[in-house]
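Colleague: here is my input, please return the structure:
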Amino acid sequence: MTARPTDAATDAASTLAVGGERQVPIPDAIARDYILLGLRLDQHIPGLVDAYFGPADLKAQVDMEQLRPPARLADEADALLARLPSDVADAQRRDWVAAQLVALRTHASGLAGGELPYLDQVTQSFAWTPARRDDAIFDAAAAELDDLLPGREPLADRLAAWDARFEIAVDRLPDVVDWLVDRFRSTAANLFGLPTGEDLRVRLVTDQPWSGYNWYDGGLRSRVDINTDLPVRAADLVDTIAHEAYPGHHLEHAWKEADLVARQRRLEASIVFLNTPECLISEGLAVLGVEFAAPPAEMVDILVEVFERAGLPIAADLEEAREAAERTVAMVGLRRRLAESRVNAALIRHADGASHDETLAYIQRVGRYPPRLAQKIVEFIEQPLSRTYIFVYHEGEALLRRWLEVVPAEERPARFGRLLHEQLTPSAVVAELAAADSTPTAADVAPPAAPAGPSAGPWSRSGDDQRVDRTPPDGDSSSTAPSDRPAAGA
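Modeller: Residues are numbered from 1 along each chain as shown. So this is what the prediction gives:
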């Protein structure tokens with residue numbers, strides 16, 4: 001039997017990372033076995049591993065192995081959980097790995113025939129139970145939007161017509177993207193710092209199911225893809241760059257590689273999974289990132305600049321451009337609230353047993369989505385990876401917003417910075433809220449929940465994008481998630 005490396009033995013040792021150009025620390029036994037478990041499970045659930053930038057030899061080992069049965073992988077997850085109390089001294093690290101392992105065990109057990117009811121599966125996957133929203137909150141948001149965009153046409157049509165005014169031509173995108181990336185990178189450097197050597201590049205792509213995606217390659221590098229098959233609107237682009245780049249997914253992954261992997265030698269952070277508790281934190285911070293990159297006091301000026309750089313006709317009249325930007329900002333929170341209808345849509349489809357057509361009718365009615373976009377949302381909800389991932393945007397944002405707002409505004413950048421460096425779980429965030437004399441549940445941090453059972457109306461309770469994002473299929477600025485994850489879509 002090969003001896004497991006001890007912490008002391010690995011302190012000064014390194015090994016080749018995937019890609020063959022970097023060195024990473026040799027993982028301790030827990031991290032090594034956690035990585036192997038995840039890579040093996042990804043062979044059964046392609047796309048479960050969203051990023052891997054750890055030891056190359058572990059990836060090669062799994063690639064050369066015979067496929068391990070899911071039941072065996074579930075047993076290996078249980079064995080790893082049993083080892084944590086003795087093998088991992090740091091409490092935060094131990095709790096983070098444990099929460100991740102519960103999710104991986106849940107996925108393996110489901111493949112082995114032990115599939116759980118939908119809501120139990122979601123809870124085990126994210127260490128969090130989503131709250132069903134009361135339809136009244138959608139009606140209230142729609143009523144306010146009616147006042148902001150008056151007219152006789154259905155609200156969905158008015159919103160679509162408004163959005164069309166701010167679509168950016170593909171040939172103008174590079175200049176606007178470069179400007180936003182540079183601005184948000186500078187802001188992030190001032191607020192949170194940047195690891196030395198981090199970098200990213202943005203590509204315009206087609207033929208993808210998501211509007212935007214971050215591919216983290218390791219070595220502090222990301223690729224951010226923007227799908228030009230879908231309309232790219234000014235406000236959505238601002239959201240997407242903050243979500244996928246600074247201070248969102250790219251900055252989170254880069255800091256965690258620099259800090260957790262390279263400095264603290266916690267190699268479990270070199271593999272990133274979908275449908276695990278880390279996603280609730282990652283998507284929540286990415287959704288909130290735009291409020292640091294483009295705070296409310298600056299958002300109108302940023303949008304006016306984007307209108308001009310994009311060559312939009314409205315930019316010719318500064319007064320009209322500012323009024324449009326102000327109205328756009330006023331609508332963001334209301335449209336975000338409408339987007340939460342996706343949470344209910346996933347619950348009625350998978351927990352309540354609604355049909356595809358019933359779910360489609362529901363999301364069109366309460367979310368005020370046009371038919372084509374509603375169809376994309378329901379298709380996303382029905383895909384294998386995104387059927388559970390759909391919750392992480394809205395639930396993660398609600399939980400972390402509550403956590404940020406318990407401290408004064410001037411302390412929030414520092415608190416947000418913890419999300420970029422620490423191994424925080426949903427339960428750890430809840431514990432900190434409890435310590436601040438607040439004891440939230442999912443219902444506390446989410447909008448008002450509807451009763452658990454069916455409501456009087458047909459499917460009166462009710463996602464996002466794919467490769468599990470990072471940005472949902474609509475890329476609409478009402479969404480709390482700009483783009484990416486399951487497209488199965490980061």
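
Colleague: give me the domain ranges for this structure.
Modeller: 7-115, 140-391+465-485 (automatic domain parsing).

Colleague: avg pLDDT for the first one?
Modeller: Meaning domain 7-115. Here domain 7-115 scores 94 as its mean pLDDT.

Colleague: let's have the domains of the chain in CSV, adding mean neighbour count and distance to residue 419.
Modeller: From N, CA and C alone the C-beta is placed, and that goes for glycine too. Formatted as CSV, those follow (neighbours: other C-beta atoms under 10 Å; distance: least, C-beta to C-beta, whole Å):
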stretch, mean neighbour count, distance to residue 419
domain 7-115, 18, 13
domain 140-391+465-485, 21, 4
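
Colleague: who wins for proximity to residue 403 among those domains?
Modeller: domain 140-391+465-485 (9.0 Å; C-beta to C-beta).

Colleague: next one: the closest one to chain centre, how far?
Modeller: Relative to the chain's own centre, domain 140-391+465-485 is displaced by 10 Å; criterion: C-alpha atoms, centre = their mean, to the nearest Å.

Colleague: that older thread, nearest to residue 416, of the domains of the chain?
Modeller: Going by C-beta to C-beta, the one of the domains of the chain nearest residue 416 is domain 140-391+465-485, 6.4 Å.

Colleague: of all the domains of the chain, which one is nearest residue 421?
Modeller: domain 140-391+465-485 (5.1 Å).

Colleague: now residue 106: which helix or strand?
Modeller: helix 91-111 (DSSP states H and E).

Colleague: restricting to C-alpha, output that helix in PDB.
Modeller: Extracted in PDB, the C-alpha atoms of helix 91-111 (Å, rounded to 0.1, in the frame of the first residue of the first chain):
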ATOM      1  CA  ALA A  91     -12.900  23.900  11.100                       C
ATOM      2  CA  GLN A  92     -13.800  26.000   8.100                       C
ATOM      3  CA  ARG A  93     -12.000  23.800   5.700                       C
ATOM      4  CA  ARG A  94     -13.500  20.700   7.300                       C
ATOM      5  CA  ASP A  95     -17.100  22.000   7.100                       C
ATOM      6  CA  TRP A  96     -16.600  23.100   3.500                       C
ATOM      7  CA  VAL A  97     -15.300  19.800   2.300                       C
ATOM      8  CA  ALA A  98     -18.100  18.000   4.200                       C
ATOM      9  CA  ALA A  99     -20.800  20.000   2.500                       C
ATOM     10  CA  GLN A 100     -19.300  19.400  -0.900                       C
ATOM     11  CA  LEU A 101     -19.000  15.600  -0.200                       C
ATOM     12  CA  VAL A 102     -22.700  15.400   0.800                       C
ATOM     13  CA  ALA A 103     -23.600  16.900  -2.600                       C
ATOM     14  CA  LEU A 104     -21.200  14.500  -4.500                       C
ATOM     15  CA  ARG A 105     -22.600  11.500  -2.500                       C
ATOM     16  CA  THR A 106     -26.100  12.600  -3.500                       C
ATOM     17  CA  HIS A 107     -25.200  12.700  -7.200                       C
ATOM     18  CA  ALA A 108     -23.500   9.300  -7.000                       C
ATOM     19  CA  SER A 109     -26.300   7.700  -5.100                       C
ATOM     20  CA  GLY A 110     -28.900   9.100  -7.600                       C
ATOM     21  CA  LEU A 111     -27.000   7.400 -10.400                       C
END
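
Colleague: quick one: name whatever helix or strand follows it.
Modeller: Moving toward the C-terminus from helix 91-111, the next helix or strand (DSSP H and E) is helix 118-126.

Colleague: so that next one versus helix 91-111, what angle?
Modeller: 140 degrees (axes from the mean of the first three to the mean of the last three C-alpha atoms, to 10 degrees).

Colleague: mind checking how far helix 118-126 is from the chain centre?
Modeller: Put simply, helix 118-126 sits 17 Å off its chain's centre (C-alpha atoms, centre = their mean).

Colleague: and for it, what's in contact with it?
Modeller: The contact list for helix 118-126 (C-beta atoms under 8 Å, 6 or more residues apart in numbering) reads 102-103, 106-107, 110, 115-116, 128-130, 275-277, 279-280, 347, 350-351, 388, 391-392, 395, 426.

Colleague: make it 6 Å
Modeller: When contacts are defined by C-beta atoms under 6 Å, 6 or more residues apart in numbering, helix 118-126 is touched by residues 102-103, 106, 129, 275, 277, 280, 350-351, 388.

Colleague: and those residues as a markdown table, adding distance to residue 322?
Modeller: Listed next are the contacts of helix 118-126 as a markdown table, based on distance: C-beta to C-beta, whole Å:
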| residue | distance to residue 322 |
| --- | --- |
| 102 | 50 |
| 103 | 46 |
| 106 | 50 |
| 129 | 43 |
| 275 | 42 |
| 277 | 42 |
| 280 | 37 |
| 350 | 44 |
| 351 | 45 |
| 388 | 42 |
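
Colleague: tell me which of those is nearest to residue 157?
Modeller: Looking across the contacts of helix 118-126 and measuring by C-beta to C-beta, the closest to residue 157 is residue 350, at 29.5 Å.

Colleague: how much space separates that closest one from residue 112?
Modeller: Distance of residue 350 to residue 112, given as C-beta to C-beta, to the nearest Å: 20 Å.

Colleague: one more: residue 336?
Modeller: 38 Å.

Colleague: kindly report the same for residue 124.
Modeller: Taking C-beta to C-beta, one finds residue 124 at 14 Å from residue 112.

Colleague: what does residue 184 give?
Modeller: Computed as C-beta to C-beta, the residue 184 to residue 112 distance reads 44 Å.

Colleague: show me what the helix or strand containing residue 182 is packed up against.
Modeller: Here residue 182 sits within helix 173-192, counting by DSSP H and E. Packing partners of helix 173-192 (3 or more C-beta pairs under 6 Å, 6 or more residues apart in numbering; DSSP states H and E): helix 234-244, helix 296-309.

Colleague: please repeat the previous calculation with a cut-off of 8 Å.
Modeller: When contacts are defined as 3 or more C-beta pairs under 8 Å, 6 or more residues apart in numbering; DSSP states H and E, helix 173-192 packs onto strand 199-205, helix 234-244, helix 249-256, helix 277-293, helix 296-309, helix 412-421.

Colleague: give me the nearest residue to residue 309, chain neighbours excluded.
Modeller: residue 176 (4.8 Å; C-beta to C-beta, 6 or more residues apart in numbering).

Colleague: confidence score at that neighbour?
Modeller: At residue 176, pLDDT is 98.

Colleague: got it, and the one 10 residues further on?
Modeller: In the prediction, the pLDDT value recorded for residue 186 is 98.

Colleague: okay, it and residue 212: tell me how far apart.
Modeller: 21 Å.

Colleague: again, but for residue 260
Modeller: According to C-beta to C-beta, residue 260 and residue 212 sit 25 Å apart.

Colleague: surely residue 97 meets residue 271?
Modeller: No. Using C-beta atoms under 8 Å, residue 97 makes no contact with residue 271, being 11.5 Å away.

Colleague: shared neighbours, those two?
Modeller: Contact criterion C-beta under 8 Å, 6+ apart; residues shared by residue 97 and residue 271: residue 34.

Colleague: tell me the pLDDT of residue 448.
Modeller: If you check residue 448, the pLDDT there is 39.

Colleague: turn the helices and strands packed on helix 173-192 into CSV, including mean pLDDT and distance to residue 325.
Modeller: Listed next are the helices and strands packed on helix 173-192 as CSV, based on pLDDT from 0 to 100; distance: least, C-beta to C-beta, whole Å:
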stretch, mean pLDDT, distance to residue 325
strand 199-205, 96, 23
helix 234-244, 96, 9
helix 249-256, 98, 26
helix 277-293, 98, 15
helix 296-309, 97, 4
helix 412-421, 98, 24
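
Colleague: just to revisit the earlier point, which outside residues touch the helix holding residue 106?
Modeller: Here helix 91-111 makes contact (C-beta under 8 Å, 6+ apart) with 30, 34, 37-38, 41, 44-45, 48, 70-71, 73-74, 77-78, 80-81, 84-85, 88, 115-116, 121, 124-127, 266, 268, 273, 275-278, 422-428.

Colleague: with that, I have no additional questions.
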